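S.K.: Predicted model and sequence follow; I will ask about them next.
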Amino acid sequence: SEQTYDVVIIGAGGAGFSAALEAKQAGASVVLLEKMPTVGGNTLISGGEMNAAGTWVQQKMGIKDSVDLFAEDTLKGGDNVGDPEMVRVLAENATAAAEWLKNDIKVNFLEDHLFQFGGHSVKRALIPEGHTGAELITKLKTKLDDMGIDLKTNTKAEKLLTDDSGKVNGVEATGANGTKITFHANKGVVIATGGFGSNVEMRKQYNPEFDEKYMTTDAPGSTGDGIVMAQAVGAALTNMESIQTYPVCNPVTGVISLVADSRFDGAILVNQSGKRFVEELERRDVISRAILAQKGGYAYQLWNQDIGDISKTVEVHKDEYDMLVKEGVLYKADTLKEAAEFFKIDPKALQETIDRVNKFAKSGKDEDFKHRAGLKDMSKGPYYIEKAVPSVHHTMGGLVINKTTQVMNEKGERIPGLFAAGEVTGVIHGTNRLGGNAIADAITFGRIAGQEAAK
Ligand code: ADP
């Protein structure tokens, strides 16, 4: 069958929803295509935190921040491989994007708490209610329905269509039951298909290090379709070898552990010998490599109730906590000895490590790994100990876009009619995406893509 819209958007994650809402707001007729039975992609299963500089929460908390500092942190965090101009666009527009989520989409953000993910100079990550992307996706979906935008789930985009001049003017898709559907686009097509973390073959093609030995935190739909489709109409790719692992994931399933966000409030990492081996607030790539260098290629994260009372991750992520306990990879122990014995760590060695941590907590100086926030006293139980492995989490590379999210070809020219936003693009994060920057990227550029495609 054939259908015609002004704007066709591929992929219903954070970027796709934002693009759809903005395009509709600008007066365009819009269809949003999603290949999975349900919407949300990686955005849904993420922690949902979003960086922005100078937000209402920073103001309330008295935190000084600036667009310059946000841009600088982002660039530096990716070894200055990102495009400075594009990073600037992100930093300049993320605050308005966050306000849009709050005011127009009615996303509830915590009013008195921000995360400071690794690599950021200040606390700048807004935290949605429930600490997951579900708050974002639920509210975006509600708005989509309110605005009467057509959403087609179980509808996989297969191919971009072009006219004689090379302008992208439609999408060929496969619907439920294998039906072929052609979506004509009067104005433009937006690719918002996310990354390729769940596609092992594609990972290996661009960086052989990330083979089967890694599981992934990613949604099953993250298979790089948008990259392949755009390439077929001449799109340039960049930074494809940069693949990020998240250091602390479930060793059984590969799923990211949000309970382990206690790391940002002082939890430590130890190896099977009960020894620390890395600064716990280091960059994700550094921690992941350090974990893989330990015997067995895994680590344990350890924290006590005092730290748990600050981070509240066990309460907020109760379902995940129960699952981890059931799988035998997380254990709550009254004493340190009991925590050590559960995972067959030498209790004496672990006690020595904690004694050192307590000493450094008191002096305010971590002489071993220079913990940047300062270690916390862990003399009192109960304790939580969780086994963890790194898992593929984000693919930094992808399509080259310009400031108005137009997709560029190998010659550095715009491909007419084609826009892209979110993880499918490759120009922002360089070698390493900082925490809270994926949502900022998806929402900020998703909105721009929607506005531009509707012109
Ligand atoms: P972003 O954060 O960039 O928005 P997400 O991973 O949150 O990325 O969302 C990408 C969405 O795109 C996912 O829901 C995924 O299932 C969907 N998707 C991927 N490939 C296709 C395709 N070929 N056709 C339709 N939807 C797709």
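M.R.: It's in. Residues are numbered from 1 along each chain as shown.
S.K.: who are the neighbours in contact with residue 156?
M.R.: 33, 35, 173-174, 225 (C-beta atoms under 8 Å, 6 or more residues apart in numbering). The C-beta positions use only the backbone N, C-alpha and C, and glycine is treated the same way.
S.K.: per-residue confidence at the closest residue to residue 1 other than its chain neighbours?
M.R.: In space, and not counting its chain neighbours, residue 1 is closest to residue 181: 5.3 Å by C-beta to C-beta, 6 or more residues apart in numbering. pLDDT, residue 181: 98.
S.K.: Strand partners (parallel or antiparallel) of the host helix or strand of residue 181?
M.R.: Assigned by DSSP states H and E, residue 181 belongs to strand 180-191. The strands beside strand 180-191 in its sheet (DSSP bridges) come out as strand 2-10 (parallel), strand 168-174 (antiparallel), strand 414-420 (parallel).
S.K.: Pull the residues that contact the second one.
M.R.: When you say that, I think you mean strand 168-174. 8, 10, 33, 152, 155-163, 180-186, 188-189, 233, 415-418.
S.K.: Quickly check: it near the ligand or not.
M.R.: No - against the ligand, strand 168-174 shows no contacts by C-beta under 6 Å from any ligand atom, the least distance being 6.9 Å.
S.K.: Including pLDDT, distance to residue 52 and neighbour count, could the contacts of residue 156 go into TSV?
M.R.: Formatted as TSV, those follow (pLDDT from 0 to 100; distance: C-beta to C-beta, whole Å; neighbours: other C-beta atoms under 10 Å):
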residue	pLDDT	distance to residue 52	neighbour count
33	98	29	27
35	98	30	23
173	98	34	22
174	98	37	16
225	98	29	22
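S.K.: And the nearest residue to residue 106 once chain neighbours are set aside, how close does it get to residue 69?
M.R.: Among residues not flanking residue 106 along the chain, residue 139 sits closest, at 5.5 Å (C-beta to C-beta, 6+ apart). Residue 139 is 29 Å from residue 69, where distance means C-beta to C-beta, to the nearest Å.
S.K.: before we move on, back to that, would you mind writing the CA trace of the strand holding residue 181 as PDB?
M.R.: Output in PDB follows, covering the C-alpha atoms of strand 180-191 (Å, rounded to 0.1, in the frame of the first residue of the first chain):
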ATOM      1  CA  LYS A 180       5.000  -3.900   1.900                       C
ATOM      2  CA  ILE A 181       4.100  -0.200   2.600                       C
ATOM      3  CA  THR A 182       5.500   2.800   0.800                       C
ATOM      4  CA  PHE A 183       5.500   6.000   2.800                       C
ATOM      5  CA  HIS A 184       5.900   9.000   0.500                       C
ATOM      6  CA  ALA A 185       7.400  12.100   2.200                       C
ATOM      7  CA  ASN A 186       6.500  15.500   0.700                       C
ATOM      8  CA  LYS A 187       9.100  17.300   2.700                       C
ATOM      9  CA  GLY A 188      11.600  15.100   4.400                       C
ATOM     10  CA  VAL A 189      12.600  11.900   6.100                       C
ATOM     11  CA  VAL A 190      14.200  11.800   9.600                       C
ATOM     12  CA  ILE A 191      16.300   8.800  10.600                       C
END
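S.K.: Could you list the buried residues of that strand?
M.R.: 181, 183, 185, 187-191 (16 or more other C-beta atoms under 10 Å).
S.K.: again, but for stretch 265-278
M.R.: For stretch 265-278, by 16+ other C-beta under 10 Å, it's 265-272, 274-278.
S.K.: Likewise for stretch 281-299?
M.R.: 281-285, 287-288, 290-292, 294, 298-299.
S.K.: Identify the residue nearest the residue of the stretch 351-455 of the chain at minimum distance from the ligand in space, chain neighbours excluded?
M.R.: Among all residues of the stretch 351-455 of the chain, residue 422 sits closest to the ligand, at 2.2 Å; criterion: C-beta to the nearest ligand atom. Spatial nearest neighbour of residue 422, excluding adjacent residues (C-beta to C-beta, 6+ apart): residue 15 at 2.9 Å.
S.K.: three-state assignment of that neighbour?
M.R.: helix (DSSP: H, G, I helix; E, B strand; the rest coil).
S.K.: Could you pull up the contacting residues of residue 34?
M.R.: 11-12, 16, 151-155, 221.
S.K.: Name the residues of the stretch 101-250 of the chain found near the ligand, please.
M.R.: 156-157, 192-194, 219, 221-222, 225.
S.K.: Distance of the residue nearest to residue 1 relative to residue 154?
M.R.: 11 Å.
S.K.: Find residues that contact each of these two.
M.R.: By C-beta under 8 Å, 6+ apart, the residues touching both residue 181 and residue 154 are residue 175.
S.K.: Check the residue nearest to residue 422 and give its pLDDT.
M.R.: The predicted local confidence for residue 15 is 99.
S.K.: what's the answer for residue 118, then?
M.R.: 84.
S.K.: Show the contacting residues for it.
M.R.: Contacts of residue 118 (C-beta under 8 Å, 6+ apart): 77, 281-284, 434-435.
S.K.: so it, which of the three states?
M.R.: Classified using three-state DSSP, residue 118 is coil.
S.K.: could you measure the closest residue to the ligand within the stretch 101-250 of the chain against residue 94, distance?
M.R.: Residue nearest to the ligand within the stretch 101-250 of the chain: residue 221 (2.3 Å; C-beta to the nearest ligand atom). With distances taken as C-beta to C-beta, residue 221 is found 25 Å from residue 94.
S.K.: try residue 176
M.R.: For residue 176, the distance to residue 94 - C-beta to C-beta - is 36 Å.
S.K.: Would you confirm that residue 267 contacts residue 306?
M.R.: No - counting by C-beta atoms under 8 Å, no contact exists between residue 267 and residue 306, whose distance comes to 10.9 Å.
S.K.: Please name the nearest non-neighbouring residue to residue 362.
M.R.: Nearest to residue 362 is residue 377, by C-beta to C-beta, 6+ apart, at 7.1 Å.
S.K.: Residue 306 is in contact with that neighbour, correct?
M.R.: Yes - at 7.1 Å, residue 377 counts as touching residue 306 under the criterion of C-beta under 8 Å.
S.K.: what residues does the stretch 301-450 of the chain put near the ligand?
M.R.: Close to the ligand, as judged by C-beta under 6 Å from any ligand atom, the stretch 301-450 of the chain has residues 422-424, 438, 442.
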